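A.B. asks: the sequence and its predicted three-dimensional model are supplied below.
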Amino acid sequence: METRKLVMIALLIAMSAVGGFIKIPSPTGTVAFDSLPGYLAAALLGGWGGAAVGAFGHMLSAWTVAFPLSFPLHLFIAGQMAVCVTVFGYLFRKGQRVLAVIAAVLLNGVIAPAALIPILGAGFFTAMLIPLIVASAVNIVLAALLAQSNILQKAGKGLGH
């Protein structure tokens, strides 16, 4: 893997941690903007880069609030994030951008939390459903818009690249 790509992945992971401080209130706490950089990485760098940013970014974000669902459960959620981001990146890079957004919102906002029902119960799922769908949609749509704009290429040229 080239140095530039590794640096981009590291910067996006750091942005995930920062995004974790931007919160949407919900009945069971907050939902953070830690996933936007992961989806952006998947669109720009491919699934593996996006998966790394999504998983590590989630863990950093959860760490900043002391792993409220427990460290092992957040590891599982980080794995879910890696899958959601990889699916998004695959579809996005194949030109299926609308499908990528829809699939990622459903995976991240509905299917991933539904997988936690046996552990956390249906009440947790019900309470988190709307806030997670909203946060997922905002994160994913913004990532898709940033990825297809040329603003990042312009920023790179401004840095002498």
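C.D. replies: Received the coordinates, thanks.
A.B. asks: so where's the chain shaky on pLDDT?
C.D. replies: The chain contains residues with pLDDT under 70 at 1, 26-30, 152-161.
A.B. asks: buried residues in stretch 107-121?
C.D. replies: For stretch 107-121, the neighbour count (16 or more other C-beta atoms under 10 Å) marks 107-109, 112-113, 116, 120 as buried. Yep, even glycine has a C-beta here, placed from its N, CA and C like the rest.
A.B. asks: do stretch 44-63 as well
C.D. replies: Under the neighbour-count criterion of 16+ other C-beta under 10 Å, stretch 44-63 has 44-62 buried.
A.B. asks: ditto for stretch 99-108
C.D. replies: For stretch 99-108, the neighbour count (16+ other C-beta under 10 Å) marks 100-101, 103-105, 107-108 as buried.
A.B. asks: show me these that map onto helices.
C.D. replies: Using DSSP state H, the subset of these located in helices is 100-101, 103-105.
A.B. asks: so which of those comes closest to Ile9?
C.D. replies: Ala104 (18.9 Å; C-beta to C-beta).
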